[in-house]
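1. here is my input; please provide its structure:
(one chain, ligands or ions: 1)
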Amino acid sequence: MPADGGGLVLVLNAGSSSLKFAGFAAMPEGPEPRFGGQVEGIGAAPHLVARNAAGEVLADHRWDGGDAPANHAEALGVIVRGLDQALQGEAILAIGHRVVHGGTDFAAPLRIDDAAMAALDRLVPLAPLHQPHNLVGIRAAAAHFPGVPQVACFDTAFHRTQSWAAETYALPPRFYDQGIRRYGFHGLSYEYISRRIAAEDAALGAGRLVVAHLGNGASLCAIEGGRSRASTMGFTALDGIPMGTRSGQIDPGVVLHMIDALGMTTAEVTRLLYNGSGLKGLSGVSQDVRQIEAAGTEAAGRALEHFAFRVRREIGAMAASIGGIDALVFTAGIGENAHGLRARICAGLEFLGITLDPARNAANAAEISAAGAAVRVLVRRTDEEGMIARHTLDLLRAG
Ligand code: ADP
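-> Below is the predicted model:
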């Protein structure tokens, strides 16, 4: 590859009906964002949006005829044709993919070859709702860019530093041995935040962080010296705190009751817990905090109250798992923007040394803790795509 920073790293994140993409220039000091966007509504009413690094719209297209991309491969074809014009001959050096599950084996990014692909296929039963889409994205990219190195970056990998005690469920050991254990997710976000804090303040990076990744999917992670020690998500991304549409942690007895006493099918329970619960289910309004806050109904207020209670409780649990807390970091859509919710979450955590400065919190400042508070409370924008680009470039440069 050119050593002078020529060429691009492409990052792809394939979801059930969307394909997100981002392009990074391969600079000597690391990846530099150039453009990004997504095709959403694949298979229904597809919509392409692309922006440059300054946020200016490069493309915004909806299809109304029969030429609409019907699947991920066709959506990638649309992106590639757009890229061809934008790149003006600049080479794509490698493609990094977000892959939700790396199982027990993959604690680091993986260069894709036939054996790796077979290993990722074997992990589908661990994440049947997400992994197949990620693998479709890899196959589509391999077909479009034959010979271009592909790298899988896992949402679970960062958590593989957790102890057996943190990972196991209290089941007979044979279940742990066959992979029924806590994996944790959002690892690319936590790794990015942990590295960024360490780059800003080496002592804090070596200390004890509790990071709250609060987006449509939401979890918390306890990080000590840059290593994940505990997280709220478990065997699946359904566990932990309530999310946009997911229930979060629920007594398994409730699931048994729904099936045995209420006669619900596993498909109905799956739909309820993944798509009809969380903030949306509780509020009856939306999964979006902005709309719930605007609704002003009693159910909306109670949804936010419950969310804040559960996040607050888990901040305490995460701090306990690493013997204390030096900084609490909020990130992702809710964590970065929803200052009212941040205030509600932190109210009552004074015993841990957490006190907010109301004005800084309302301004979404980078540091929102009160002057003199024992624990720093920070707000940082996460960058999962940037983390994937960094891993992909590092692997490429390592040969
Ligand atoms: P995803 O997990 O899909 O990547 P994001 O991290 O983008 O999600 O978070 C999206 C969520 O962030 C929205 O559904 C909404 O609840 C919340 N959010 C975004 N902006 C704001 C805002 N200004 N105020 C309150 N909540 C916000």
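2. drop to CA atoms for contacts and neighbour counts, all remaining ones
-> OK.
3. tell me where the protein has strands.
-> In the chain, the segments counted as strands under DSSP state E are 8-14, 19-27, 30-40, 47-52, 57-62, 92-99, 110-111, 150-154, 208-214, 218-224, 227-231, 327-331, 376-379.
4. who's in contact with residue 59?
-> 48, 49, 50, 51 (CA atoms under 8 Å, 6 or more residues apart in numbering).
5. hmm, back to that, could you dump the strands of the chain into TSV and include distance to the ligand and mean pLDDT?
-> Converted to TSV, those look like this (distance: least, CA to the nearest ligand atom, whole Å; pLDDT from 0 to 100):
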stretch	distance to the ligand	mean pLDDT
strand 8-14	11	95
strand 19-27	11	95
strand 30-40	12	94
strand 47-52	15	93
strand 57-62	18	92
strand 92-99	13	97
strand 110-111	23	96
strand 150-154	16	98
strand 208-214	6	98
strand 218-224	7	98
strand 227-231	16	98
strand 327-331	8	99
strand 376-379	13	98
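6. can you add distance to residue 315 and give these back as CSV?
-> Output for the strands of the chain, formatted as CSV (distance: least, CA to CA, whole Å):
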stretch, distance to residue 315
strand 8-14, 29
strand 19-27, 31
strand 30-40, 32
strand 47-52, 35
strand 57-62, 38
strand 92-99, 27
strand 110-111, 32
strand 150-154, 24
strand 208-214, 7
strand 218-224, 7
strand 227-231, 10
strand 327-331, 8
strand 376-379, 12
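7. what's the most distant pair in the contacts of residue 59?
-> Put simply, by CA to CA the two of the contacts of residue 59 set farthest apart are 48 and 51, 10.3 Å from each other.
8. the more surrounded of these two?
-> residue 48 (21 against 17; other CA atoms under 10 Å).
9. OK, contacts around the nearest residue to the more buried one once chain neighbours are set aside?
-> Excluding the flanking residues, the one nearest residue 48 by CA to CA, 6 or more residues apart in numbering is residue 39, at 4.3 Å. Shown in contact with residue 39 (CA under 8 Å, 6+ apart): 18, 19, 20, 46, 47, 48, 49, 75.
10. what is residue 39 paired to in the beta sheet?
-> residue 19, residue 48 (DSSP bridges).
11. so residue 337 is in contact with residue 364, correct?
-> Yes: the pair residue 337 and residue 364 qualifies as a contact (CA atoms under 8 Å) at a distance of 6.4 Å.
12. related to what we said a few turns ago, return the member of the contacts of residue 39 nearest to residue 260.
-> Of the contacts of residue 39, the one sitting nearest to residue 260 (CA to CA) turns out to be residue 18, at 35.5 Å.
13. burial check on the closest one, number of neighbours?
-> For residue 18, using other CA under 10 Å, the count is 21.
14. how about the residues of this structure near the ligand?
-> Contact residues (CA under 6 Å from any ligand atom) of the chain with the ligand: 215, 216, 217, 287, 288, 289, 290, 332, 333, 334, 337, 338.
15. just the buried members of the residues you listed?
-> 215, 216, 217, 287, 288, 289, 332, 333, 334, 337, 338 (16 or more other CA atoms under 10 Å).
16. how about the second one: what's its closest non-neighbour residue?
-> Across the structure, with CA to CA, 6+ apart as the measure, the residue nearest residue 216 apart from its sequence neighbours is residue 244 (4.7 Å).
17. need the longest helix for this structure.
-> helix 298-321 (DSSP state H).
18. how many residues are close by residue 209?
-> Residue 209, neighbours per other CA under 10 Å, totals 31.
19. that one reaches residue 321, doesn't it?
-> No: taking contacts as CA under 8 Å, residue 209 lies outside contact range of residue 321: 11.0 Å.
20. hey, what's in contact with both of the two?
-> Contacts common to residue 209 and residue 321, judged by CA under 8 Å, 6+ apart, are residue 222.
21. how about low-confidence regions in this structure?
-> 1-5 (pLDDT under 70).
22. so which residue is dead centre in it?
-> In the chain, the C-alpha nearest the mean C-alpha coordinate belongs to residue 186, at 3.9 Å (CA atoms, centre = their mean).
23. for it, what are its contacts?
-> Per CA under 8 Å, 6+ apart, neighbours of residue 186: 155, 156, 213, 219.
24. farthest-apart pair in these, please.
-> 156 and 213, at 14.4 Å, using CA to CA across the contacts of residue 186.
25. more neighbours, those two?
-> Between residue 156 and residue 213, counted using other CA under 10 Å, residue 213 has the larger neighbour count: 26 against 23.
26. could you give the bridge partners of that one?
-> residue 219, residue 331.
27. how close does it get to residue 331?
-> Distance of residue 213 to residue 331, computed by CA to CA, to the nearest Å: 5 Å.
28. got it, and residue 238?
-> 19 Å.
29. and what of residue 139?
-> For residue 139, the distance to residue 331 - CA to CA - is 31 Å.
30. of those two, which one has the most company?
-> Comparing residue 139 with residue 331 by other CA under 10 Å, the one with more neighbours is residue 331, at 23 against 16.
31. any idea how far that one is from residue 186?
-> Distance from residue 331 to residue 186, by CA to CA: 11 Å.
32. follow-up on the earlier one: for the residues of the chain next to the ligand, could you give me JSON lines that also reports distance to residue 368?
-> Below are the residues of the chain next to the ligand laid out as JSON lines (distance: CA to CA, whole Å):
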{"residue": "215", "distance to residue 368": "19"}
{"residue": "216", "distance to residue 368": "23"}
{"residue": "217", "distance to residue 368": "23"}
{"residue": "287", "distance to residue 368": "26"}
{"residue": "288", "distance to residue 368": "23"}
{"residue": "289", "distance to residue 368": "20"}
{"residue": "290", "distance to residue 368": "20"}
{"residue": "332", "distance to residue 368": "16"}
{"residue": "333", "distance to residue 368": "16"}
{"residue": "334", "distance to residue 368": "15"}
{"residue": "337", "distance to residue 368": "12"}
{"residue": "338", "distance to residue 368": "13"}
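33. looking at these, spot the one nearest residue 394.
-> residue 332 (24.8 Å).
34. thought the closest one was touching residue 382?
-> Yes: counting by CA under 8 Å, residue 332 touches residue 382, with 6.0 Å between them.
35. list the residues that are in contact with both of those two.
-> Common neighbours of residue 332 and residue 382 (CA under 8 Å, 6+ apart) do not exist.
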